[in-house]
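> Sequence plus the predicted model coming up.
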Amino acid sequence: MLAFALAGLVPLTLNAESPTDMYFGEALYYAHQGQYFEALERLDAEVSQHQGVDEPELDTLYRYIADAEFSLGDFELRYRMHHRAGRAIRAVLEGAVDETVRNDAAYRLAKIHFQKGQASDALAALDRIEGKIPEGIRDDIEFLRANILLASDRPGDAIAWLEALENSPRFGGFASYNLGVALLKDGQRTAAIEQLAKAGQREARTPDELAIRDKANLVLGSVLIETDLYAEARPYLNRVRLDGPFSNKALLSAGWASVSDENYERAVVPWSILADREVTDPATQEAMLALPFAYGKLDVHGRAAVYYGRALDAFGTEIDKLDRSIDSIREGKFLEALIREEIRRNQDWVIRLRSLPEAPETYYMLELLASHDFQTGLQNYLDLADLHRKLTSWKQGFDSFDEMVGIRRGHYEPLLPSVDEEFRALDSRIRLRTEQHRMLVKRKNDLLTTPRPEFLATREEQALLARLEVLDAALEDADEATARRYRQRIRRLRGSIFFTLQTEYHERLARFDAHLTELNDAMAILQAAYDEYVRTRQAATHSYEGYQDPLDGLRARVDQSITTVLRLMARQGRDLEVAAIEELTARRSRLANYRDKARFALADSYDRATQQQARSGELQ
Amino acid sequence: MRRIVAKLAPVLCAVLIGASAGADEADVRSLDEQVQEIKSDVLGIASELNNLEERLLYPSGTQVAVFVEMAEKDTFRLDAIQVHIDGELAAHHIYSFNELEALEKGGVQRVYTGNIPTGQHELSVSVLGKLKNGNDYEQSGTFTFSKGVEPKTLGITLAGPGLGDRGIEVGDW
């Protein structure tokens, strides 16, 4: 601690346990930013790794595995991989998970089936929900069930669910409107009218709630017009906000309701407003033709002629614009514009598309762009473009990997043989010393159990004892008197050495032990250096060996995937272009029809205006 | 013109009511499934490529990875983080709105992956941000850690002001 204090450092605070599995957390980090590919890539690897470990309970993901598997399905769903998402979510349903998690999974599975048009499977998934339901999705489940029933032509069955949702804070407005639609589809016309009237007067705060309220009024107005109840329809149509998304359609219908009552003056009011709006809107275009028609009925032929002239000019301009847009799509400009990064980053990118040079007029395609089929195709195209960008970038990366491996091989391969040779020599010496060390440790342990003072004799003492042995042996040939005399002296000398060995035994043993302890430390350092060398040596080989095959394999798969992605992009792109061209062509043909009508009506109005002028001249 | 009105109303009504029903996607399904398949293939490639890249660039013996997470009760807006290892700048990240939101929702960011030798090392973390009252917030901390032969993963937990030294915690994840 003193060292830390002096250096101004804080020792590493080790948390008792990781707050989460970091790789799962990393996947969430990407998912929360809408980067589902990256999220899936990380979480998929983490879950697979977890499933492969011998003792999963020791893995950091163990506590979160149910959540992780659920998130896997969720990310796949959001990345529009319904096939895999379904599998993952079904796995959660089958697994031993908490009731709320299972019910959430069943709800998501139902959503997948519904999006894929599999209504009966969607209902079956919802039927699996039982017990505790997560509070946050309680209404979502019932709203989904009602929508599935409506989509399955079972409006009668949907009614009860929608009635129960009418007071839902999130879905109240939508349930109220859908209930009106369900009653209408179920043939309960009077009840439907009452319900739509109720939905059209609900309190609304959010833009979505306001829009659905407008929609209820518009549908109700249209239903009443359908049964020739024009006067009754008008108040509902008038309730539609002038700045809402259904305003144009409501203004147009209000005008026609008045015309049907032969109240042309009243029809002029909404159509005048509408005729000045965005010219690409179909309702506006119809109003540009309907307004002079109403003036004609009011015998104001001069003004009618002016408005027909204005409509004729506008239709001509719009037809030219549509022709250019169709050409632009045929030249591939539409698809080029779709995948531009700056367009995709902005939420209103579809609208902004029209501001790009040579891009088609997207206002004519708003309905198409908002349709489910087109959106699915468009998202697929954008995802494919994204995959293409990724694959191309990886393909370029392979050359760098090859170069890196080549540089490492070039560096290590000439160096390693001499290093290995040197190491082999060193290795045999290390092994010898290790064996010697082992023997010394054994001797010390033996001495502790059976004291052997001669084992602790110094080199000089050992030499002296050996010399005395030699001298003793040489006395074999000497005469008895000489031998006795010298053997006595040899015994005394031996005795003197053994006396020293005996008296200094404990001191010598302690010194031996101390030296051995020092040797142990040295041997530990040697062993660590040895291990470090072995690891480094292995790392050197691993830094360039074993990459070629996987790299070649991946390179081939990337190439193959690029080909597939480009093929699918071409097919998907063509589908989008065809849909866009069909949409624009239909709008063009409608405009051409309007232009022809305007042309004839303009001539007629001029004639009538001239006749009117002549008549008034005669009268004067 | 009355005829037009009579024709218009049911069409309009059908279009509006039809919006609640599911769209027929039979014509896009087969292509859609192929797109799903290629997504799955590319995800597999990405995963293998990542493994290979990690082996090649960050061998386990020297690998160190630094993660960042926000404590549950955030009291400040994180603007930037700087991480130094042994005095060398390892990471300097300025947070976008999306990244910050992802952290606040429980995401964990891998801010650095690199190589260091085994032994004792020093990790310095500096955080810049704004407090709820609009004042600037700045905190830093220095920590020591030991790198062994296995990969090292360090987690930085940012709790913000009011916790003294515990505003920044580093854990061995």
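Yep, it's here.
> number of nearby residues for residue 82?
Picked chain A for this. 19 (other CB atoms under 10 Å in any protein chain shown). In this view, the C-beta of every residue, glycine as well, is placed from N, C-alpha and C.
> nope, chain B
So residue B:82, with other CB under 10 Å, has 17 neighbours.
> Tell me who's in contact with residue A:184.
Contacts for residue A:184 (CB atoms under 8 Å, 6 or more residues apart in numbering or on different chains) come out as A:155, A:192, A:196, A:223, B:17.
> low-confidence ranges in the chain?
Reading this off chain A. Scanning chain A for pLDDT under 70 picks out the ranges A:1-20, A:341-359, A:619-620.
> try again with chain B
Checking chain B against pLDDT under 70 turns up B:1-29, B:72-74, B:162-165.
> Any part of the top helix by length along it near chain A?
Taking DSSP state H as the criterion, chain B has its longest helix at helix B:26-57. Yes - using CB under 8 Å from any CB of the partner chain, helix B:26-57 reaches chain A at B:26-29, B:31-36, B:38-43, B:45-53, B:55-56.
> Give me the buried entries from the residues you listed.
With burial judged by 16 or more other CB atoms under 10 Å in any protein chain shown, the buried subset of the residues of helix B:26-57 next to chain A is B:28, B:31-32, B:34-36, B:38-39, B:41-43, B:45-47, B:49, B:52, B:55-56.
> In chain B, which residue is most central in space?
residue B:109 (4.6 Å; CA atoms, centre = their mean).
> partners of it in the sheet?
Going by DSSP bridges, residue B:109 is paired in beta bridges with residue B:68.
> which residues does it contact?
With contact taken as CB under 8 Å, 6+ apart, residue B:109 is in contact with A:26, A:29, B:67, B:68, B:69, B:93, B:99, B:102, B:103.
> element containing residue B:154, please.
Under the criterion of DSSP states H and E, residue B:154 resides in strand B:152-158.
> Could you name the helices and strands sitting against that strand?
Packed against strand B:152-158 by the contact rule (3 or more CB pairs under 8 Å, 6 or more residues apart in numbering or on different chains; DSSP states H and E) you find strand B:63-70, strand B:76-85, strand B:119-131, strand B:168-172.
> Tell me how far it lies from the chain's centre.
On the basis of CA atoms, centre = their mean, to the nearest Å, strand B:152-158 sits 14 Å off its chain's mean C-alpha point.
> Can you list the strands that that strand pairs with?
When sheet partners are counted by DSSP bridges, strand B:152-158 sits next to strand B:63-70 (parallel), strand B:168-172 (antiparallel).
> any idea of the angle the last one forms with strand B:76-85?
Going by axes from the mean of the first three to the mean of the last three CA atoms, to 10 degrees, strand B:168-172 is angled at 50 degrees with respect to strand B:76-85.
> Give the buried residues for strand B:168-172.
Neighbour-count burial for strand B:168-172 [16+ other CB under 10 Å]: B:168, B:169, B:170, B:171.
> check contacts around the third one.
This points to residue B:170. Shown in contact with residue B:170 (CB under 8 Å, 6+ apart): A:12, A:13, B:123, B:125, B:141, B:143, B:145, B:154, B:155, B:156, B:157.
> is it true that the fifth one lies in a strand?
By that I understand residue B:141. Yes - counting by DSSP: H, G, I helix; E, B strand; the rest coil, residue B:141 falls inside a strand.
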